[in-house]
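In: Here is the input, now give the coordinates:
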Amino acid sequence: MKLKRFITLVAMVAFIVSCHHRPRTARPVVEPEFLNLSKEQIFQRGDEFYAKKKWQKARLYYSHVYENFPNDPLGRRSLLRVADTYYNQGDAVNLVEAQYKYRDFINRYPGSENADYAMLQIAMVSFKQMEKPDRDQQKTREAVEKFNDMLRTYPRSALKPDAEAHLVQAMDRLAKHEHIVAKFYMKRKSYLSAVQRLNFLVDTYPNYTDRAGVFYDLGTSLSALGRNGEARLYFERVLSEFPQSTYADRAKQRLGTVKA
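Out: Numbering: from 1, shown residues only. A predicted model of the protein is given here:
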């Protein structure tokens with residue numbers, strides 16, 4: 001009998017100790033201010049901090065609205081605003097989080113009238129991460145692909161001009177990279193490689209802003225290879241298509257020295 005009472009006592013002590021050490025489930029922390037405000041008022045407070053570029057503070061208000069009213073139109077707007085706060089912070093970590101939030105919005109609300117904006121912003125994240133023309137262009141290629149995805153998916157979007165303008169800039173960055181590589185070959189006197197790269201540039205990026213420079217470099221490289229007839233054609237194109245460019249005078253001088 002005493003043994004039975006002893007075992008029962010030990011079991012009770014063990015239960016009390018286990019309860020004392022058992023981790024408690026964390027309850028979500030709600031800002032006391034939110035308890036007395038409507039969702040509209042909380043969203044407005046978020047907008048006030050957003051206007052002051054206090055991104056983290058604004059995100060606190062938007063997140064509350066979205067998490068508590070995910071199917072409400074204001075909740076949907078709040079999720080976009082959360083993504084925008086990350087985007088506007090602009091550093092590498094926050095840009096990744098922004099892209100995730102924009103994708104989350106599209107996945108949750110594919111029929112939303114703001115889905116085109118979210119898709120544009122996904123491309124803009126890659127655009128913000130683009131390297132200089134003399135560096136690796138992976139992010140630039142990603143931006144081009146995502147802008148094209150947005151334009152294909154929403155061809156009638158009011159945001160189409162914005163997407164197209166940024167797409168042009170990204171394409172120009174890729175073209176500039178190719179031009180830099182071609183100039184490197186020219187510096188190394190690898191003129192055949194330079195010509196191949198420049199021809200690729202001409203065919204792939206017809207709207208490149210330094211097209212006059214490409215034609216001049218093609219003429220120079222072809223002349224170095226002894227292909228003077230072809231070289232003259234490109235010097236002539238500089239004069240006829242870009243008479244006001246900085247290359248025009250040089251092209252005219254080269255025409256005087258390069259014989260067909």
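
In: mind listing the helices in this structure by residue range?
Out: Assigned by DSSP state H, the chain shows helices spanning 2-21, 39-51, 55-68, 73-89, 92-108, 115-128, 138-153, 160-187, 191-204, 211-224, 228-241, 248-257.

In: so how far is the fourth one from its chain's centroid?
Out: Using CA atoms, centre = their mean, to the nearest Å, we find the averaged C-alpha position of helix 73-89 to lie 17 Å away from the chain's own average C-alpha position.

In: Show me which positions of that helix end up buried.
Out: Buried positions in helix 73-89, judged by neighbour count with 16 or more other CB atoms under 10 Å: 74-87, 89. C-beta: built from backbone N, CA, C; applies to glycine.

In: mind listing what the spatially closest residue to Tyr205 that is not a sequence neighbour touches?
Out: Counting by CB to CB, 6 or more residues apart in numbering, Ala175 is the residue found nearest to Tyr205 once chain neighbours are left out, at 3.7 Å. By CB atoms under 8 Å, 6 or more residues apart in numbering, the residues touching Ala175 are Leu201, Thr204, Tyr205, Tyr208, Thr209, Asp210.

In: How about the contacts made by the residue lying closest to the first one once chain neighbours are set aside?
Out: Nearest-residue entry for Leu201: Glu178, 4.5 Å, with adjacent residues in sequence omitted and distances by CB to CB, 6+ apart. Contact criterion CB under 8 Å, 6+ apart gives Arg197, Phe200, Leu201, Thr204, Tyr205 as the residues in contact with Glu178.

In: how close does Glu178 get to Ile106?
Out: Counting by CB to CB, to the nearest Å, the gap from Glu178 to Ile106 is 32 Å.

In: got it, and Val168?
Out: Taking CB to CB, one finds Val168 at 24 Å from Ile106.

In: Over to Val195?
Out: Computed as CB to CB, the Val195 to Ile106 distance reads 44 Å.

In: Among these two, which residue is more densely surrounded?
Out: Val195 (22 against 18; other CB atoms under 10 Å).

In: For the more buried one, give me the pLDDT.
Out: Val195 is assigned 98 on the pLDDT scale.

In: Can you list the low-confidence ranges for this protein?
Out: Counting by pLDDT under 70, the chain has low-confidence residues at 1-30.

In: What distance do you get for the nearest residue to Ala123 once chain neighbours are set aside to Ala175?
Out: In space, and not counting its chain neighbours, Ala123 is closest to Lys146: 3.6 Å by CB to CB, 6+ apart. Here the criterion is CB to CB. By it, Lys146 lies 18 Å from Ala175.

In: Please apply the same query to Asn36.
Out: Counting by CB to CB - Asn36 and Ala175 are separated by 57 Å.

In: do Glu97 as well
Out: Applying CB to CB, the value for Glu97 to Ala175 is 31 Å.

In: and if you look at His166?
Out: Distance, His166 to Ala175, using CB to CB: 15 Å.

In: again, but for Gln44
Out: From Gln44 to Ala175 the distance is 45 Å (CB to CB).

In: Give me every residue in contact with stretch 194-204, excluding its own residues.
Out: Stretch 194-204 is contacted from outside by 175, 178-179, 181-183, 185-186, 208, 211, 214, 217-218, 221-222, 225, using CB under 8 Å, 6+ apart.

In: Now do the contacts for Leu233.
Out: By CB under 8 Å, 6+ apart, the residues touching Leu233 are Gly219.

In: Kindly recompute the last result at 10 Å.
Out: Leu233 makes contact with Phe215, Leu218, Gly219, Leu222, Arg227, Ala260, according to CB atoms under 10 Å, 6 or more residues apart in numbering.
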